[in-house]
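In: I would like the atomic coordinates for the input below:
(chains A and B)
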Protein chains: 2
Amino acid sequence: MRDAYHEELDSIGDSLVDMARLVGSAIGRATTAILDADLKLAESVIEGDQRVDELHHDLEARAIALLARQQPVATDLRIVVTSLRMSADLERSGDLAQHVAKLARLRYPANAIPHDLHATVLEMGQLAQRLMAKAAEVIITKDVDLALQLEQDDDEMDLLHRTIFQHLLDDRWKHGIETAVDVTLLGRYYERYADHAVAVAKRVVFLVTGEHADDLQPDIQPVTGAEGA
Amino acid sequence: MRDAYHEELDSIGDSLVDMARLVGSAIGRATTAILDADLKLAESVIEGDQRVDELHHDLEARAIALLARQQPVATDLRIVVTSLRMSADLERSGDLAQHVAKLARLRYPANAIPHDLHATVLEMGQLAQRLMAKAAEVIITKDVDLALQLEQDDDEMDLLHRTIFQHLLDDRWKHGIETAVDVTLLGRYYERYADHAVAVAKRVVFLVTGEHADDLQPDIQPVTGAEGA
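Out: Just a heads-up that it's a prediction; the model follows:
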């Protein structure tokens, strides 16, 4: 049997998994909402983010209470501090899913995404959701190999992001500036969402191996030029 | 005389102020670099971010060591945990300043910003730098009133961001899609930078008053439509 202390530590891990599941579902639903111009679905994502914020604040309070009461050291201390960071990543991912949904709502009843970009946006949304599902699995299993896989998936996101820019900078772009602005921001939301999913997985690697990834929060650079990255 | 423990706590505060000063200077220099198409200056900002990352990792290690060794409770525990969060905000602000500089480098020798937007971008850069200078002052003085001022300054940033969108969506926009994409991302970098400066100040408010701001990390929504926010 586990003592109360380790039960509390486990329950913090459970909350992280709950958050990852919620924000994974949120990015999937937000993507559907923006592709289908579905206002109701968009609003459910926007409202649903409150639950993620609540879980985040609750987890923070419990982690701090645990630090105060139990004064963990070594590995246990590292788990608690790292959990705080993962919770912040997940909370921010929820915000980004919410941004996608807000863009769908802003343009409703119009469709924010031109038809020739639907397939790419769908892929970005699916990939983002898959990344977060894997991040949740990494939290549960502490599987370092799976965690490292997320970085490769993230390369795929970079490629999709580049595809978006290729469309934007194609001379045949005929959707105007407003849509270009929307699509630019949308690309960035998915990219940043993926970065946070990868960061969550990397933090687990740090916990397991004790090795700090050099770049905990990878981020995109402007890649709009023909120069590439 | 202060004991070793409180000296270490103070030195963590000093590091936060150092970080805020570095990233404040970085956003100012990055803004000059992008307005003047100054490659050398851009590269100094890009390289300089390494120092911010080092301070961030060093601060994290010291904070965790302090937790392990001293096992603080109550206010002291809150200070250490909040410092970790502020450090993450400042590190991210440095990344955003670096993004501005990278955009300057990507477009060099061309000027990334159309002339009719120079004044607005200059104002955004100056405001961002001012926000960070105030955030540093809030860390030093724990002045709650000054911290709350930052939220008003952030409203100013929203207005400037809106000005950018007005230019973008004006029928007379003649700078093409690539520049529209650049300007969209640039606007987002400044906006997010400001959000992190405000978050730092709000975290100090939380430390001083014990009251959690509802929205620790405010964020923009797409405001490109005539609908406004």
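
In: I'd say A:Val198 and A:Leu131 touch.
Out: Yes - counting by C-beta atoms under 8 Å, A:Val198 sits close enough to A:Leu131 to count as a contact (7.0 Å). For glycine as for every other residue, the C-beta is placed from the backbone atoms N, C-alpha and C.

In: Could you tell me which residues touch both of these two?
Out: Residues touching both A:Val198 and A:Leu131 (C-beta atoms under 8 Å, 6 or more residues apart in numbering or on different chains) are A:Leu150, A:Asp154.

In: So which of those two has more stuff around it?
Out: A:Leu131 (28 against 25; other C-beta atoms under 10 Å in any protein chain shown).

In: Contact partners for that one?
Out: A:Leu150, A:Asp153, A:Asp154, A:Met157, A:Tyr193, A:Ala194, A:Ala197, A:Val198.

In: If we only consider the residues you listed, which is nearest to B:Phe165?
Out: The closest of the contacts of A:Leu131 to B:Phe165 turns out to be A:Tyr193 (C-beta to C-beta; 22.6 Å).

In: what's the closest non-adjacent residue to the closest one?
Out: Sequence neighbours aside, A:Leu96 is the residue nearest to A:Tyr193 in space, at 4.4 Å (criterion: C-beta to C-beta, 6 or more residues apart in numbering or on different chains).

In: and the one you found, how many neighbours does it have?
Out: 25.

In: just the one 10 residues further on next, same as before
Out: The tally of other residues near A:Leu106 (other C-beta under 10 Å) stands at 19.

In: I'd assumed A:Ala112 was in contact with it.
Out: Yes - taking C-beta under 8 Å as the definition, A:Leu106 is a contact partner of A:Ala112 at 7.5 Å.

In: mean confidence score for the helix or strand harbouring A:Glu7?
Out: Element membership for A:Glu7 (DSSP states H and E) is helix A:4-36. For helix A:4-36, the mean per-residue pLDDT is 96.

In: got the angle for the helix or strand that it is followed by vs helix A:4-36?
Out: Following helix A:4-36 in sequence order, the next helix or strand is helix A:39-70 (DSSP H and E). Helix A:39-70 and helix A:4-36 are oriented at 160 degrees to each other (axes from the mean of the first three to the mean of the last three C-alpha atoms, to 10 degrees).

In: Wondering if helix A:39-70 reaches chain B at all.
Out: Yes - against chain B, helix A:39-70 shows contacts by C-beta under 8 Å from any C-beta of the partner chain at A:His57, A:Ile64, A:Leu67, A:Ala68.

In: what about chain A, any weak spots by pLDDT?
Out: Residues of chain A that meet the criterion pLDDT under 70 lie in A:1-2, A:212-229.

In: and the angle for the strand or helix carrying A:Leu185 with helix A:4-36?
Out: In the assignment (DSSP H and E), A:Leu185 maps to helix A:176-209. Computed by the same axes, to 10 degrees, the angle separating helix A:176-209 from helix A:4-36 equals 160 degrees.
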